[in-house]
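Q: please find the sequence and the predicted model below.
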Amino acid sequence: MSQIIDSLRQFWQFTGFANCEWQNIVMILIGACFITIAILKEWEPLLLVPIGFGMIIGNIPMFPGLNIGIYEDGSVMNILYQGVRQGWYPPLIFLGIGAMTDFSALISQPRLMLIGAAAQMGIFGAYLLALAFGFAPNEAGAIGIIGGADGPTAIFLSSKLAPDLMGAIAVSAYSYMALVPVIQRPIMLLLTTKKERLIEMPKPREVSQREKIIFPIIGFIMTAFIVPSGLPLLGMLFFGNLLKESGVTRRLAETARGPLIDIVTTLIGVTVGCSTQADKFLTGKSLMIFGLGLLSFVIATATGVCFVKLLNLVLPHGKKINPLIGNAGVSAVPDSARVSEIVGRESNPKNHLLMHAMAPNVAGVIGSAVAAGILLGFLG
């Protein structure tokens, strides 16, 4: 009888119930909230569902020494997590993004690239704020990249500069990407007048196939020479776009923008979610990262809109830019451009800003990778 009781007692010690702490419950509930929001609101479900379920997986209480946790060397989850920790997954995602991105709007209106560059001030503004709050320079750089609204870039940079903060930075970046319509709309309305929101822009010119093929080659050479440290992201982004536009590598392009990016997105979401174990995630630093991440996103959006307003002061009548596309300077493609379109049509149902907004939006993708390269070069 005593052996049975001892066996039951030993079994109990291995259960999650015996090892559970309130922090585990909190993180499991947060993961459930992510899943609920993704399903009910359809906010970035391809990201939030894997991250939310990963949070639940990573916070199941377990007996130490089972070698199944994400931070235990040699475990299955730890091996999958190396793609995040070593920065393998983000370049593969950028390959897929390049293969699904049409740069025509940017090629036809190169001046709009300046908006994408201006919006990167959110990254450097958050960097300075993080320094003011006492973060080390490398940690501040990793936190600042949240302002680019680019999850893969945030993971890539934090894996190099601040791997201990990567879980909080990645979850923060993806959370704000999902909340693009909620965060950006009120800022856009606050910073623009009704007259500015009514500005109509001429239809972009048609772009030739030759231009589309040349652009990723020239674009990569120019950006890589400026920031060689951003080569993994920039190289895969432009290479993916060349696969799409060349017309002779259709199968490779379809694989990159279909099965490959879906698999990597799933793995990156689940493993990032798993990395948010309660003992490592529920800290004062994590809360500060979320706050600074939100500020960086607000700064990026406001800077993009205000830059267009300043640009309009020197542009002749007929060539003025609707400042509502300034929000699209961040890297959240195509969600930010859709917000520009929606808010623009609320003011003028005949005004279609989507194709114009796509120019700074894809410029923001390039800009966030360049900014990451700059920070990595200085702080790495």
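A: Perfect, thanks for sending it. The structure displayed is predicted, hence computed values, not measured ones.
Q: pLDDT of stretch 109-121, averaged?
A: Confidence over stretch 109-121 (mean pLDDT, whole number) is 90.
Q: what do you get for stretch 292-299?
A: Summarised as a single mean, pLDDT over stretch 292-299 is 90.
Q: run a quick neighbour tally on Pro316.
A: Pro316: 7 surrounding residues under other C-beta atoms under 10 Å. Any C-beta I mention is one placed from the backbone N, CA and C, and that applies to glycine too.
Q: sorry, that was for Gly318
A: In terms of burial, Gly318 registers 8 neighbours under the definition other C-beta under 10 Å.
Q: ok, now which ones touch it?
A: Contact analysis of Gly318 by C-beta atoms under 8 Å, 6 or more residues apart in numbering lists Pro202.
Q: secondary structure class for it?
A: Secondary structure, DSSP: H, G, I helix; E, B strand; the rest coil: Gly318 is coil.
Q: same check, this time on Lys203
A: With three-state DSSP as the basis, Lys203 sits in coil.
Q: return the per-residue confidence for it.
A: Taken from the predicted model, the pLDDT recorded for Lys203 is 86.
Q: look up how far Glu346 lies from it.
A: With distances taken as C-beta to C-beta, to the nearest Å, Lys203 is found 21 Å from Glu346.
Q: okay, those two: which has more neighbours?
A: Under the criterion of other C-beta under 10 Å, the comparison of Lys203 against Glu346 puts Glu346 first, with 13 against 9.
Q: check which helix or strand covers that one.
A: Secondary structure assignment for Glu346, by DSSP states H and E: helix 335-347.
Q: how about Gln13?
A: helix 2-14.
Q: for that helix, list every residue counted as buried.
A: Applying a neighbour-count criterion of 16 or more other C-beta atoms under 10 Å, one finds nothing buried in helix 2-14.
Q: equivalent analysis for stretch 36-49, please.
A: Within stretch 36-49, the residues that count as buried by 16+ other C-beta under 10 Å are Ile37, Ala38, Trp43, Glu44, Pro45, Leu47, Leu48, Val49.
Q: what about the helices in the stretch 251-380 of the chain?
A: Listed in chain order, the helices of the stretch 251-380 of the chain (DSSP state H, counting those that start in this stretch) span 261-274, 278-281, 284-312, 335-347, 354-379.
Q: which positions within stretch 100-110 qualify as buried?
A: Residues Met100, Thr101, Asp102, Phe103, Ser104, Ala105, Leu106, Ile107, Ser108, Gln109 are the ones in stretch 100-110 that count as buried (16+ other C-beta under 10 Å).
Q: make that stretch 306-326, sorry
A: Neighbour-count burial for stretch 306-326, counted by 16+ other C-beta under 10 Å, picks out 306-309, 311-312, 320-326.
Q: just flag the most distant two among the residues you listed.
A: Cys306 and Lys320 (14.8 Å; C-beta to C-beta).
Q: now, which of the buried residues of stretch 36-49 sits nearest Gly235?
A: Among these, and counting by C-beta to C-beta, the member closest to Gly235 is Leu47, at 23.6 Å.
Q: residues near the residue nearest to the closest one when sequence neighbours are not counted, how many?
A: Distance criterion C-beta to C-beta, 6 or more residues apart in numbering; nearest residue to Leu47, sequence neighbours excluded, is Tyr174 at 5.0 Å. As a burial measure, the neighbour count of Tyr174 was computed by other C-beta under 10 Å and equals 27.
Q: and the helix or strand hosting Tyr174 with helix 261-274, angle?
A: Of the helices and strands defined by DSSP H and E, Tyr174 is found in helix 166-178. Angle, helix 166-178 to helix 261-274, by axes from the mean of the first three to the mean of the last three C-alpha atoms, to 10 degrees: 120 degrees.
Q: now helix 166-178: mean pLDDT?
A: Average pLDDT, helix 166-178: 86.
Q: next one: the helix or strand following the helix holding Gln13 to chain centre, how far?
A: Once the chain leaves helix 2-14, the next helix or strand it forms, by DSSP H and E, is helix 16-19. Its chain's average C-alpha position is 35 Å from that of helix 16-19, according to C-alpha atoms, centre = their mean, to the nearest Å.
Q: try stretch 208-218
A: Centroid displacement of stretch 208-218 relative to its chain, using C-alpha atoms, centre = their mean, is 26 Å.
Q: could you pull out the buried residues of it?
A: By neighbour count with 16+ other C-beta under 10 Å, stretch 208-218 contains the buried residues Lys212, Phe215, Pro216.
Q: for the nearest residue to Ile57 once chain neighbours are set aside, give me its contacts.
A: Closest residue in space to Ile57, ignoring its immediate chain neighbours: Cys274 at 5.2 Å, by C-beta to C-beta, 6+ apart. With contacts defined as C-beta under 8 Å, 6+ apart, Cys274 is in contact with Gly54, Met55, Ile57, Gly58, Ile70, Met77, Tyr81.
Q: please repeat the previous calculation with a cut-off of 10 Å.
A: When the contact criterion is C-beta atoms under 10 Å, 6 or more residues apart in numbering, the partners of Cys274 are 31, 50-51, 53-60, 69-71, 77-78, 80-81, 84, 167.
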